[in-house]
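Engineer: Okay, structure incoming, though there's no sequence with it:
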Ligand code: EPU
């Protein structure tokens, strides 16, 4: 198993291009099940979750027409054609490695009339139910049973029928639930209205692809999405939006190392709440081609030709200020940046509070950051962060994707050596993070776990 060894305390400087978004690409790939025509996606990131989704789609009868030959570099372009409609079972073996397998349910059901997808179960960040996915598909007329741990869904005689569906739950809207129901409704008879739909940019991107395939969707990006059903969808070509969470993570890497990083292909338009928060903390994000003064957050995209693919310079004040932040569905502060922000606020000058409203138990990083000297007190779904002057290197354990990113940021800022075990979690969502951080001046190595344990830990750590 791989481990990162980071010698912290180096200022990061340089340029990084933000990759295509993992969370946009996963439902886009699943949407290729809605047609037997080829769908071509560009800027697909090279991540463990994407490779798992491609493996699953091949098992479900999709031809991957431009699969790179062994040893050749990843081009980012994926062309899939769902030519074999006979295999419609997403099995536990794949689903347990990647919860996003659930987004094959709606497309398979609508196109093939039958889908069997293993129930994803919980994960390190919480329970993660799929009741809203099931409720939404049932409202379209799907007959759904749970058997042997699988969701078994069938289209009734006469097909799926459009309906008005409220998709809010105890924690607000659901991103992949909205993706599933919106995808299935494209082939339903009549009109579907999804109320309390997720407004995330990844849903907007999915609606864009589906419309290119012939769907008739409007209202994406708002809590009410309307879908006029069509008889069939066809092939299309689409470029995946850049990854707002990867961008936010590199912004925070600049903040904790007092660095200066230029991010190319940065979707500032999708990051307004995070940029607001970072400005309050003392992190400056300015469009590279704008006048070289600090640009207030809400206008950080001024001067960008395209606020979804902008070049921005990220710098920070030497003294970071404390803030109070609550995670919320988009356009609120994203839960997927909560752990990384906690690392930043651990080094702020005063007391901050983070409240988690999407996944109230998404705090596995608290104990690990505390081992590095962070002063954190958890009270239910909130954490009080009393800023400290420095973090100290330590051996820590990655527990989930974003918690791992938070530990990497802590390691970059800490004095001495940090060893992060189980970085396979990180590889699910960040492409070659250690190489990219090295190009910015970080001292970070990927080593085999056994070597890491033997590595000398410098005095004082
Ligand atoms: N929820 C329900 N019932 C459902 C579905 C969700 O109660 O049927 C609850 C969840 O338990 C949670 C809230 O609703 O409290 C929101 O969950 P959501 O369904 O929106 O999460 P998701 O669609 O499964 C996606 C991302 C997550 C991201 C969340 C929230 C992908 C592949 N995953 O998950 O990304 O945290 O939306 O924005 O898009 C990550 O990238 O690290 C990650 C976990």
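Structural biologist: Happy to help now that I have it. In this text the structure is predicted, and so the values were computed from the model without any measurement.
Engineer: sec struct for the spatially most central residue of the chain, please.
Structural biologist: Among the residues of the chain, the one closest to the centroid is residue 23, at 4.4 Å (CA atoms, centre = their mean). In three-state terms, and counting by DSSP: H, G, I helix; E, B strand; the rest coil, residue 23 is helix.
Engineer: I'd say it and residue 242 touch.
Structural biologist: No - applying CB atoms under 8 Å as the test, residue 23 and residue 242 come out as separate, 11.5 Å apart. For glycine as for every other residue, the C-beta is placed from the backbone atoms N, C-alpha and C.
Engineer: just to revisit the earlier point, quick one: residues contacting the residue nearest to the centre of the chain.
Structural biologist: 100, 175, 200, 202, 243, 245, 336 (CB atoms under 8 Å, 6 or more residues apart in numbering).
Engineer: Tell me which of these fall in strands.
Structural biologist: With strands defined by DSSP state E, no entry of the contacts of residue 23 lies inside them.
Engineer: restrict the residues you listed to contacts with the ligand.
Structural biologist: Taking CB under 6 Å from any ligand atom as the test, the ligand is in contact with 100, 175, 336 out of the contacts of residue 23.
Engineer: ok, and the closest non-adjacent residue to the last one?
Structural biologist: The spatially closest residue to residue 336, leaving aside those adjacent along the chain, is residue 245, at 4.5 Å (CB to CB, 6 or more residues apart in numbering).
Engineer: thinking again about what came up before, so how far is the ligand from the residue nearest to the centre of the chain?
Structural biologist: 3 Å (CB to the nearest ligand atom, to the nearest Å).
Engineer: Equivalent analysis for residue 395, please.
Structural biologist: Counting by CB to the nearest ligand atom - residue 395 and the ligand are separated by 23 Å.
Engineer: just residue 307 next, same as before
Structural biologist: For residue 307, the distance to the ligand - CB to the nearest ligand atom - is 21 Å.
Engineer: Next up, the contacts around the residue of the stretch 351-461 of the chain found nearest the ligand.
Structural biologist: Of all residues in the stretch 351-461 of the chain, the one sitting closest to the ligand is residue 401 (4.4 Å; CB to the nearest ligand atom). For residue 401, the contacting residues are 425, 426, 428, 429, 430, by CB under 8 Å, 6+ apart.
Engineer: Before we move on, what's the pLDDT of it?
Structural biologist: For residue 401, the pLDDT comes out at 95.
Engineer: tell me which element the closest residue to it other than its chain neighbours falls in.
Structural biologist: Of all residues not flanking residue 401 in the chain, residue 429 sits nearest, at 4.5 Å (CB to CB, 6+ apart). Residue 429 belongs to no helix or strand when assigned by DSSP states H and E.
Engineer: Which parts of the stretch 351-461 of the chain are strands?
Structural biologist: 351-355, 375-379, 382-386, 395-397, 417-421, 443-448 (DSSP state E, counting those that start in this stretch).
Engineer: For the longest one, give me every contacting residue.
Structural biologist: Read that as strand 443-448. So strand 443-448 is in contact with 1-8, 10, 408, 411-412, 423, 434, 437-438, 455, going by CB under 8 Å, 6+ apart.
Engineer: switch to 7 Å and redo it
Structural biologist: Under the criterion CB atoms under 7 Å, 6 or more residues apart in numbering, residues 2, 3, 4, 5, 6, 7, 10, 434, 437, 438 lie in contact with strand 443-448.
Engineer: between the helix or strand where the second one lies and strand 443-448, how big is the angle?
Structural biologist: So that's residue 3. Element membership of residue 3 [criterion: DSSP H and E] is strand 2-7. Here the directions of strand 2-7 and strand 443-448 differ by 150 degrees (axes from the mean of the first three to the mean of the last three CA atoms, to 10 degrees).
Engineer: Which strands or helices does strand 2-7 pack on?
Structural biologist: Under the contact criterion of 3 or more CB pairs under 7 Å, 6 or more residues apart in numbering; DSSP states H and E, strand 2-7 touches helix 401-413, strand 417-421, strand 443-448, helix 449-454.
Engineer: which one of these is the most hemmed in?
Structural biologist: Scoring the helices and strands packed on strand 2-7 by mean neighbour count under mean count of other CB atoms under 10 Å gives helix 401-413 as the most buried, with a mean of 29.
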